[in-house]
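> Compute the structure for the input listed below.
(2 chains)
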Protein chains: 2
Amino acid sequence: MWQTLLDRALMALVREGNLTLTLPDGQRRQHGDGHGPAVAVTIHDPRLIGRLVRNPALAVGEGYTDGTLTVADDDLYGLIGLCVRNLAARNGAWWHRAADLGRNWARAARQFNPAGRSRANVAHHYDLSGALYDLFLDADRQYSCAYFARPDMTLEEAQAAKKAHIAAKLLLKPDMRVLDIGCGWGGMALSLARDHGARVLGVTLSEEQHRVATERARKAGLADRVEFRLADYRTLDGQFDRIVSVGMFEHVGVPHYRTYFRNVRARLAPDGVALIHTIGRAAPPASTNPWIAKYIFPGGYCPALSEVMAAVEKEGLWQTDVEVWRLHYAETLRHWHDRFVANIDRARALYDARFCRMWRFYLVASELTFRLNRQCVFHLQLARRQDAVPLTRDYLHPASAGPQRRAGLAHAAE
Amino acid sequence: MWQTLLDRALMALVREGNLTLTLPDGQRRQHGDGHGPAVAVTIHDPRLIGRLVRNPALAVGEGYTDGTLTVADDDLYGLIGLCVRNLAARNGAWWHRAADLGRNWARAARQFNPAGRSRANVAHHYDLSGALYDLFLDADRQYSCAYFARPDMTLEEAQAAKKAHIAAKLLLKPDMRVLDIGCGWGGMALSLARDHGARVLGVTLSEEQHRVATERARKAGLADRVEFRLADYRTLDGQFDRIVSVGMFEHVGVPHYRTYFRNVRARLAPDGVALIHTIGRAAPPASTNPWIAKYIFPGGYCPALSEVMAAVEKEGLWQTDVEVWRLHYAETLRHWHDRFVANIDRARALYDARFCRMWRFYLVASELTFRLNRQCVFHLQLARRQDAVPLTRDYLHPASAGPQRRAGLAHAAE
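Numbering: from 1, shown residues only, chains lettered A, B, ... in the order given. Reported below is the predicted structural model:
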């Protein structure tokens, strides 16, 4: 029965591309319009068939990770590309149709992230061995989208360009107090202190990140300018001249957006500037891919701009600029994937082959979602006062800027 | 009775500033905290008092226009500043509290703008004598926010900078087909043709604007490159390489946002780029000031970004960039106001003193709403493909740009 249902499901789902499916009993099926590169998938376990019918977005990743689903030449780009293309063509997230029913209450439950669950979510991902991250990230362990200011940049150059671009948007001056919400292994905070003279408090919920970041600050001789704290951003007090938060908002969850921005506003000095860097979606609100939510980022969500802005507006912050990075994260993930594959033997020694398949599936699925399915990065510059940021964006491009000015228009001070 | 109610209302409303109110019977009242410049208002007609209690946001403007409410030294900035400051402090549009009840259905009715009503709304404002607009606009009749790329720019320079900035965002090449939705008196369309070699179709619902724009194209020898059409944008067909729409979205109305963006998408070539320039609000959705809605812009509305983006997302467009212009429109309006006042004798000859008071109230109230009450301008760059626009914003700042590229990242073409 499942076999017939799978046939029907694939008939409806796979309209584009060239899929050959080999079933556990050796039967073969052809799906798609025959155009594009051939993708040959084999299902080795009959029990996977039912799961594929019931929840393909979860079961493809699970089958690949378990090894009960394989693809010829281990062509993960072909397999996931086929999934994304066919379901993106329907103008929604490719896992979204099935999950649409009851979405709102389900989302509220999945993204309910009070402090305790936030800690658990963070530990799930970021307390993995640091050695794993060294196998695919750059030496500074920038685990967020790089900025390819020129297309030929290396990953290291593009991560440095990202930090420089963010620093420019923060309009830093020496000795400014900066809060880094979700500081990771400390690379951003250390750069802002070293290169811009800032005094930084970085907070993370990951014990591993906190330990590494603190050690890095000590080794760099920056322990007097940079403090890392194992803390939830919702428990802080005091005010900061600048707030930066890179790749953390994805873990907040829609039910907590107003709390997030209320805290940003509360921690920001009256003339302060904040820069929130987050994955987003150039499409209506959708749900998180169930495989990603289960195995990679529990509690995570990539918002539409309309969702973020509704919370920003209600919490009384000015959105002074919104940059939309397209394809930069696809390129970043391609670099990460290629490095991971180059180091696959070390990765297998660290974990096992199953973990490595899961991790590669995560990297490829993420890359193709940025490339083909309307995922992007939002750079939200926020302030409490409209004139906290210059009135043109020329300051981001010093070579072409006129005389520097903060609130240059004649009557701005009124 | 109304007098007592007015006292109570003013006690609650006017917490900041220094208001002296003289009633029709000669009685005087003091309101506010006594700080800031003194504003001395006289009410000359007892019937105005009840209207002020019931709907202050409407009645202040009506009283000033009628002459039944005057302010010492004709200090309109003082009067309106007092209104805006006190009600903005409550973190909402200053007329919004009273109008909040039943807002949503009322808004749907007020902003229901099918083609017939759109024509009437447009005629109300834009079919006013062209001679009036010449008394306060620049010679090109740019009736939208100028861009003060440098704070010392003249209005003419800042309007030219606006057109150049928009042209840069449109990434124009010679002979590209451009659609200008809401072309006004044709200044933008003529510039794009003259300075960038574009072939432009401009549409307007104003007969006066259509006549003037067509005549200007003929005189400029651009009639072969620029066509102006008296048409609703919803009735067009064909596709365009670029779409520009400046200061028109304010007239669309929230119930029509999806229709607007559906038409933008339908008229845009697959690799096309659109630039929508609109007044907006860095705050939650609110209602239009009732005086502005009644006397100046019937059917008009200034959206929050969350409202615009929800429609953009649903209609499948990429928001490739969002610039938020702060204070540029306040400065533009200050220029318009000063020119209008300098030409007030000619304005009175053209219309009458009552009309001139109304127009000045409109200009000052608008300026102070931009300066004090979270109004701004959104520059929305939209596309159907994420790589229709370069992947960094360097192209907007040629002096600092690296090698020009359209879809520069290595794997972007996948």
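> Residues of the stretch 201-350 of chain A that sit close to chain B?
Residues of the stretch 201-350 of chain A lying near chain B by C-beta under 8 Å from any C-beta of the partner chain: A:281-285, A:304-307, A:309-310, A:313-314, A:316, A:318-328, A:330-331, A:334. C-beta coordinates here come from the backbone N, C-alpha and C atoms, glycine included.
> Give me the buried subset of those.
Those of those that meet the buried threshold are A:281-285, A:304-307, A:309-310, A:313-314, A:318-328, A:330-331, A:334, by 16 or more other C-beta atoms under 10 Å in any protein chain shown.
> List the ones among the residues of the stretch 201-350 of chain A next to chain B that fall in helices.
Counting by DSSP state H, these place A:Leu305, A:Ser306, A:Glu307, A:Met309, A:Ala310, A:Glu313, A:Lys314, A:His328, A:Ala330, A:Glu331, A:Arg334 in helices.
> can you give me the strands in the stretch 201-350 of chain A?
A:226-230, A:240-246, A:268-281, A:318-325 (DSSP state E, counting those that start in this stretch).
> TSV for those strands, including mean pLDDT?
Formatted as TSV, the strands of the stretch 201-350 of chain A follow (pLDDT from 0 to 100):
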stretch	mean pLDDT
strand A:226-230	98
strand A:240-246	98
strand A:268-281	98
strand A:318-325	98
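> Output the ones you listed in CSV; the columns should cover distance to B:Leu132.
As requested, these are exported to CSV (distance: least, C-beta to C-beta, whole Å):
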stretch, distance to B:Leu132
strand A:226-230, 61
strand A:240-246, 47
strand A:268-281, 40
strand A:318-325, 34
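> right, so of those, which gets closest to B:Asp152?
strand A:318-325 (22.2 Å; C-beta to C-beta).
> give me the element the residue nearest to A:Arg334 when sequence neighbours are not counted is part of.
Excluding the flanking residues, the one nearest A:Arg334 by C-beta to C-beta, 6 or more residues apart in numbering or on different chains is A:Glu367, at 5.7 Å. Assigned by DSSP states H and E, A:Glu367 belongs to helix A:353-372.
> One more: A:Gly63?
Following DSSP H and E, one finds A:Gly63 within helix A:56-66.
> Name the residues of the helix holding A:Glu367 that come out as buried.
For helix A:353-372, by 16+ other C-beta under 10 Å, it's A:356-372.
> elements contacting that helix?
When contacts are defined as 3 or more C-beta pairs under 8 Å, 6 or more residues apart in numbering or on different chains; DSSP states H and E, helix A:353-372 packs onto helix A:56-66, helix A:76-88, helix A:328-342, helix A:344-350.
> Kindly recompute the last result at 6 Å.
Helices and strands touching helix A:353-372, by 3 or more C-beta pairs under 6 Å, 6 or more residues apart in numbering or on different chains; DSSP states H and E, are helix A:56-66, helix A:76-88, helix A:328-342.
> and these, which one's lowest on average pLDDT?
Of all the helices and strands packed on helix A:353-372, the minimum mean pLDDT falls on helix A:76-88 (a mean of 89).
> quick one: is that one near chain B?
No: using C-beta under 6 Å from any C-beta of the partner chain, helix A:76-88 never reaches chain B; the gap is at least 8.3 Å.
> And that helix, what's buried?
Result for helix A:76-88 [16+ other C-beta under 10 Å]: buried residues A:76-88.
> so how far is the helix holding A:Gly63 off the chain centroid?
Put simply, helix A:56-66 sits 21 Å off its chain's centre (C-alpha atoms, centre = their mean, to the nearest Å).
> what's that helix packed up against?
Under the contact criterion of 3+ C-beta pairs under 6 Å, 6+ apart, helix A:56-66 touches helix A:46-54, helix A:290-291, helix A:353-372.
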